[in-house]
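Undergrad: from the sequence below, what's the structure:
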Amino acid sequence: MEEYENSSNQLLDNASRLKAIIETAIDGIITIDRRGMVESVNPAAAHIFGYQPEEIIGNNVSMLMPEPDHSLHDKYLDNYHRTGVGQIIGKGREVLGKKKNGTVFPFLLSISEVNLHDKQIFTGIIHDITDLKKTEVALRESESRINSIIQTAVDGIITIDMRGVIEMINPSACRLFGYGESEVIGQKINMLMPEPDKSLHDNYMHHYHETGEKRIIGIGREVTGLKKDGTIFPLFLSISEVKLADRKVYTGFIHDITRQKITEERLRRYAAELERSNRELQDFAYVSSHDLQEPLRKIQAFGDRLKLKEYENLSEQGKDYVDRMLNAAVRMQNLINDLLTFSRVTSKSKPFVDTDLNQIAHDVISDLEIAIENAHATVELGELPVIQAEPTQLRQLLQNLISNAIKFRRDDVAPLVKVYAKEVQLKAHMTSTPGDELVELHVEDNGIGFDEKYLDRIFNIFQRLEGQKYEGSGIGLAICRKIAIRHGGDITAKSKPGQGTHFIVTLAKTHLKE
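TA: Predicted coordinates:
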């Protein structure tokens with residue numbers, strides 16, 4: 001009797017433990033009889049389907065199935081009872097369930113069969129995989145997007161394993177190296193490298209796996225590639241490393257820089273040509289300052305002596321010839337000096353330094369004080385910034401513009417010159433490259449002005465719109481333009497005849513080191 005009680009107690013304990021497990025299980029557990037009628041539902045199953053347990057117990061389990069399983073379930077059971085062949089019993093599979101609110105969702109279902117005293121009981125274990133499916137869909141979408149990017153990328157993309165064997169190559173890389181995809185998949189990556197990298201690549205990889213020392217991974221550098229036809233070409237290679245569960249893969253991003261290198265070589269040649277031209281310009285400046293000026297000095301010297309000692313003995317026509325000769329010599333001297341100045345803007349340049357344009361403008365006004373007084377002119381200065389520049393050239397630029405404003409004045413109007421500055425953002429058409437900060441230096445006057453159809457001409461050397469009435473060589477504005485360009489900007493103007501001129505000089509505020 002005592003043995004029976006112990007056995008009974010043990011059975012009760014086991015039943016209690018089993019009930020506790022079922023009641024607290026995360027997965028849903030449902031039992032049905034051989035007719036498909038629900039006998040028990042644990043809380044997890046009720047929660048998954050959105051019912052109270054009592055709403056399910058006693059009903060056919062097909063209530064939890066969408067069509068067509070809902071209509072066919074009883075036939076499934078009948079077929080199993082007749083043939084003993086089950087499509088899911090003892091196997092498990094992914095099926096669809098139907099919640100109380102009509103939502104259809106995926107879950108994993110495994111069914112076991114137990115015979116208790118001639119009674120068949122089927123127990124279904126239900127694991128909701130809705131979130132898993134969402135994750136799978138998101139993963140497939142992500143893989144699809146990544147694959148689309150890889151397949152359509154302009155740059156080449158190649159993935160290799162730890163042995164250097166190619167696992168993936170995109171169409172751009174195939175076109176770049178001249179191979180078909182099937183020709184490179186499974187081959188060593190060094191087939192795309194010229195010597196000595198081809199022979200040394202395995203050593204590079206072994207050294208990296210042994211030491212972790214990176215020569216290119218995560219860094220990027222210029223290397224050379226080898227096309228199928230044997231052509232060696234320059235490329236920029238960056239490599240990323242991905243650690244998977246039991247291995248590493250390396251993805252190389254390949255950018256063909258052949259055109260860039262051709263452009264760089266052209267620029268190098270242009271720079272060499274420019275340097276040669278500058279040397280020739282310096283030679284010209286030397287010739288101008290010595291060989292050309294020497295005979296001019298003699299013309300001036302003998303002309304001065306002639307005027308001093310023989311002028312009164314000359315006829316009126318002779319005197320006119322002497323005067324015209326000396327005036328021409330002075331003009332020639334001024335022209336040579338202006339040419340020297342023009343050539344020195346770039347050939348004798350000094351480094352840029354922080355330059356206070358306020359101080360430059362005040363110095364220019366001081367230098368032009370007599371000309372300003374004689375013309376009864378007024379010069380108004382706004383607040384000007386500090387920029388990186390060559391002070392001497394900026395002083396020359398401002399002096400040219402302000403003196404022009406005084407020179408080209410209207411007869412009946414006292415000259416008014418306004419000098420001010422604005423900070424602007426870099427525009428696409430400007431030549432400045434160091435940074436986005438630019439300064440616009442404005443010089444406005446109320447002088448004679450000009451027709452803007454001549455705008456392109458006024459900044460060219462020897463171009464003069466008012467050659468008869470006003471003295472000058474026609475080089476001043478050309479010098480201004482060279483100075484502006486050297487300072488990362490340009491110069492333009494707005495004007496109308498008789499309504500003054502507004503010069504706008506664009507200058508970079510900062511510069512890369514020359």
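Undergrad: wait, isn't Leu296 in contact with Ala329?
TA: Yes - if you go by C-beta atoms under 8 Å, Leu296 and Ala329 touch, sitting 6.2 Å apart. Using the backbone N, CA and C atoms, a C-beta is placed for each residue, glycine as well.
Undergrad: ok, residues contacting whichever strand or helix holds Ile157?
TA: Assigned by DSSP states H and E, Ile157 belongs to strand 156-160. With C-beta atoms under 8 Å, 6 or more residues apart in numbering as the test, strand 156-160 has contacts from 150, 166-170, 172-173, 176-177, 189, 192, 249-256.
Undergrad: ok, back up a step: neighbour count for Leu296 and Ala329, which is higher?
TA: Neighbours were counted for Leu296 and for Ala329 using other C-beta atoms under 10 Å; Ala329 has more, 18 against 15.
Undergrad: which ones are touching the closest residue in space to that one that isn't next to it in sequence?
TA: In space, and not counting its chain neighbours, Ala329 is closest to Gln300: 4.7 Å by C-beta to C-beta, 6 or more residues apart in numbering. Neighbour list for Gln300: Leu326, Ala329, Val330, Gln333 [criterion: C-beta under 8 Å, 6+ apart].
Undergrad: just say helix, strand or coil for Gln300.
TA: Using DSSP: H, G, I helix; E, B strand; the rest coil, the secondary structure recorded for Gln300 is helix.
Undergrad: what separates it from Arg331, distance-wise?
TA: 11 Å (C-beta to C-beta, to the nearest Å).
Undergrad: same question, Tyr204
TA: According to C-beta to C-beta, Tyr204 and Arg331 sit 72 Å apart.
Undergrad: over to Ala44?
TA: 106 Å.
Undergrad: okay, these two: which has more neighbours?
TA: It is Ala44, of Ala44 and Arg331, that has more neighbours when counted by other C-beta under 10 Å, with 20 against 13.
Undergrad: am I right that that one sits in a strand?
TA: No - Ala44 is assigned helix when assessed by three-state DSSP, not a strand.
Undergrad: which residues touch it?
TA: By C-beta under 8 Å, 6+ apart, the residues touching Ala44 are Ala25, Ile26, Asp27, Gly28, Ile29, Ile126.
Undergrad: which non-adjacent residue is nearest it?
TA: Counting by C-beta to C-beta, 6+ apart, the residue nearest Ala44 is Gly28, at 4.7 Å.
Undergrad: who does the one you found bridge with?
TA: For Gly28, the beta-bridge partners are Ile126 (DSSP bridges).
Undergrad: got it, and the one 5 residues further on?
TA: The bridge-partner assignment for Asp33, based on DSSP bridges, gives Ile121.
Undergrad: touching, it and Glu39? I think so.
TA: Yes - judged on C-beta under 8 Å, Asp33 makes contact with Glu39 at a distance of 5.9 Å.
Undergrad: which neighbours do the two have in common?
TA: Ile121.
Undergrad: ok so, going back, out of the contacts of Gln300, which are inside helices?
TA: Using DSSP state H, the members of the contacts of Gln300 that fall in helices are Leu326, Ala329, Val330, Gln333.
Undergrad: just the buried ones from those residues?
TA: Neighbour-count burial (16 or more other C-beta atoms under 10 Å) applied to these gives Leu326, Ala329, Gln333.
Undergrad: tell me where the stretch 351-500 of the chain has helices.
TA: All helices of the stretch 351-500 of the chain, identified by DSSP state H, counting those that start in this stretch, fall at 357-367, 369-374, 391-407, 455-458, 476-486.
Undergrad: show me what contacts Arg259?
TA: If a contact means C-beta under 8 Å, 6+ apart, then Arg259 has no contacts.
Undergrad: state the distance from it to Glu265.
TA: Look at Arg259 and Glu265: by C-beta to C-beta, they are 11 Å apart.
Undergrad: quick check, Lys133 in contact with Pro106.
TA: Yes - using C-beta under 8 Å, Lys133 is in contact with Pro106, at 5.2 Å.
Undergrad: now the helix or strand hosting Gln260: average pLDDT?
TA: Assigned by DSSP H and E, Gln260 belongs to helix 258-287. Helix 258-287 carries an average pLDDT of 82.
Undergrad: got it, and stretch 489-499?
TA: The pLDDT scores in stretch 489-499 average 90.
Undergrad: give me the contact list for it.
TA: With contact meaning C-beta under 8 Å, 6+ apart, stretch 489-499 is reached by 410, 430-432, 438, 446, 448-452, 455, 458-459, 477, 480-481, 484, 501-508.
Undergrad: just the CA atoms of that stretch, as CSV, please.
TA: These are the backbone C-alpha positions of stretch 489-499, laid out as CSV (Å, rounded to 0.1, in the frame of the first residue of the first chain):
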residue,chain,number,x,y,z
GLY,A,489,40.2,85.3,-57.9
ASP,A,490,39.4,87.5,-60.9
ILE,A,491,38.2,91.0,-61.7
THR,A,492,35.2,92.3,-63.6
ALA,A,493,33.4,95.6,-63.9
LYS,A,494,29.9,97.2,-64.4
SER,A,495,29.6,100.4,-66.2
LYS,A,496,27.6,102.7,-68.4
PRO,A,497,28.9,105.7,-70.4
GLY,A,498,28.7,108.8,-68.3
GLN,A,499,27.5,107.0,-65.1
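Undergrad: centre of the chain to it, how far?
TA: Centre-to-centre, stretch 489-499 and its host chain are 35 Å apart (C-alpha atoms, centre = their mean, to the nearest Å).
Undergrad: do stretch 475-485 as well
TA: 33 Å.
Undergrad: how about stretch 383-399?
TA: 33 Å.
Undergrad: end-to-end on that stretch?
TA: Stretch 383-399 has its terminal residues 17 Å apart, counting by C-alpha to C-alpha, to the nearest Å.
Undergrad: quick one: buried residues of that stretch?
TA: Residues 384-385, 387-391, 393-399 are the ones in stretch 383-399 that count as buried (16+ other C-beta under 10 Å).
Undergrad: and the contacts of that stretch?
TA: Contacts of stretch 383-399 with the rest of the structure, by C-beta under 8 Å, 6+ apart, involve 341, 345, 349-358, 360-361, 363-364, 367-368, 419-421, 423, 439, 441, 443, 479-480, 483-484, 486-487, 505, 507-511.
Undergrad: got a quick PyMOL command for the buried subset of the residues you listed?
TA: In PyMOL, this line selects whichever of the contacts of stretch 383-399 come out buried by 16+ other C-beta under 10 Å:
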select buried, resi 341+345+352+355+357+358+360+361+364+368+419+421+439+441+443+479+480+483+484+486+487+505+507+508+509+511
